[in-house]
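Asks: Provided below are the primary sequence and the corresponding predicted coordinates.
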Amino acid sequence: MSRTTLDDRAPTPRRTHLPLRPLWLCRVCAAPWPCPVARLTLCQEYAHDRIALSVYLCTVLHDAAADLYRLNPHDGPDPAALFTRFLGWTAPRGVRAEQVRGGSSGAGPASRPTGSR
Ligand SMILES: [Zn+2]
């Protein structure tokens, strides 16, 4: 059995679970993109820079919203659902629920806009 020495060197995990546009379904598993595997891959790829991950996903969300609303102009996806699908999962654990609901303390992060829910 040969053992590769990629452990230390693997710079970027290969992204195979890519979106099929304009449907925004995974090309491999057909789940709504980003599928769980794509999310894991993105987390690995952007482990050193979570802000860059959020910026990237904002761009992707913009493209996906344009595509999906073009496909279904009268029955497009719910904007909040799209946000959760593309960006909501990147929030640190434990922060998501409290902050979305408005938080219990007034000492949260400064100038964080409140959601429209
Ligand atoms: Zn997939």
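Replies: Perfect, thanks for sending it. Everything quoted here is computed from the prediction, not taken from an experiment.

Asks: contacting residues around P22?
Replies: When contacts are counted by CB atoms under 8 Å, 6 or more residues apart in numbering, P22 touches D67, L68, R70, L71. (Glycine included, C-beta is placed from N, CA and C.)

Asks: Just the buried residues of those residues.
Replies: Taking 16 or more other CB atoms under 10 Å as the criterion, what is buried in those is L68.

Asks: which pair in the contacts of P22 spans the largest distance?
Replies: Using CB to CB, the pair of the contacts of P22 lying farthest apart is L68 and R70, separated by 7.2 Å.

Asks: What is the nearest of the contacts of P22 to R39?
Replies: When the contacts of P22 are compared against R39 (criterion: CB to CB), the nearest one is L68, at 18.7 Å.

Asks: from memory the closest one sits against G76, does it?
Replies: Yes. Counting by CB atoms under 8 Å, L68 touches G76, with 5.9 Å between them.

Asks: among the helices and strands of the protein, which has the poorest mean pLDDT?
Replies: helix 6-9 (a mean of 48; mean pLDDT, DSSP states H and E).

Asks: mind listing the helices in this protein by residue range?
Replies: For the chain, the helices defined by DSSP state H cover 6-9, 36-45, 50-71, 79-86, 95-100.

Asks: Specify the angle between the fourth one and helix 50-71 in degrees.
Replies: Read that as helix 79-86. Angle, helix 79-86 to helix 50-71, by axes from the mean of the first three to the mean of the last three CA atoms, to 10 degrees: 130 degrees.

Asks: Cheers, nothing more for now.
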